[in-house]
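1. 3D, please:
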Amino acid sequence: MNTTLIRFLVQLRNGFLFNKKSISLNINSQYLNVMEILYIEGFLQTIKIDASRARYIISLRFFEQQPLIHKLKLFSIPSQNCFISFQELSFLQDRNIFLLLSTSKGLLTLFHCKK
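-> Residues are numbered from 1 along each chain as shown. Just a heads-up that it's a prediction; the model follows:
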């Protein structure tokens with residue numbers, strides 16, 4: 001995972017932790033796949049583009065005024081990749097875990113990797 005995506009995820013986590021309704025980010029094509037997955041999974045409410053300022057405006061989704069993302073842990077960093085086998089993935093069954101994996105088929109959630 002590159003540093004640009006790490007910064008994006010940290011900004012997203014901070015927005016949730018500080019109960020921000022929305023966050024604003026510079027437009028970057030690397031964010032699109034992650035934002036799409038997070039939107040489909042229900043973590044983001046809306047994604048808008050402010051073309052005049054070249055920024056994404058992302059509305060965060062809360063449930064009963066509680067953030068949907070409480071904790072964020074990055075297993076891979078740019079200098080050290082972490083590899084996991086399908087057999088190890090199959091042992092992860094906690095429904096409270098949202099795992100985003102970079103695969104040969106692109107970014108996939110834990111659920112889609114197990115399919």
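
2. can you give me the helices in this structure?
-> 3-17, 31-40, 86-90, 110-114 (DSSP state H).

3. Confidence-wise, which of these is weakest overall?
-> With a mean of 72, helix 110-114 has the lowest mean pLDDT of the helices of the chain.

4. Now do that one: which elements does it pack against?
-> helix 86-90, strand 100-103 (3 or more CB pairs under 8 Å, 6 or more residues apart in numbering; DSSP states H and E). All C-beta spots, glycine's among them, are computed from the backbone N, C-alpha and C.

5. Identify, out of the ones you listed, the most deeply packed stretch.
-> The highest mean neighbour count among the helices and strands packed on helix 110-114, using mean count of other CB atoms under 10 Å, belongs to strand 100-103: a mean of 14.

6. list the helices and strands it packs on?
-> Using 3+ CB pairs under 8 Å, 6+ apart, strand 100-103 sits against strand 106-109, helix 110-114.

7. Could you dump these into CSV and include distance to residue 84 and mean neighbour count?
-> Formatted as CSV, these follow (distance: least, CB to CB, whole Å; neighbours: other CB atoms under 10 Å):
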stretch, distance to residue 84, mean neighbour count
strand 106-109, 12, 14
helix 110-114, 9, 14
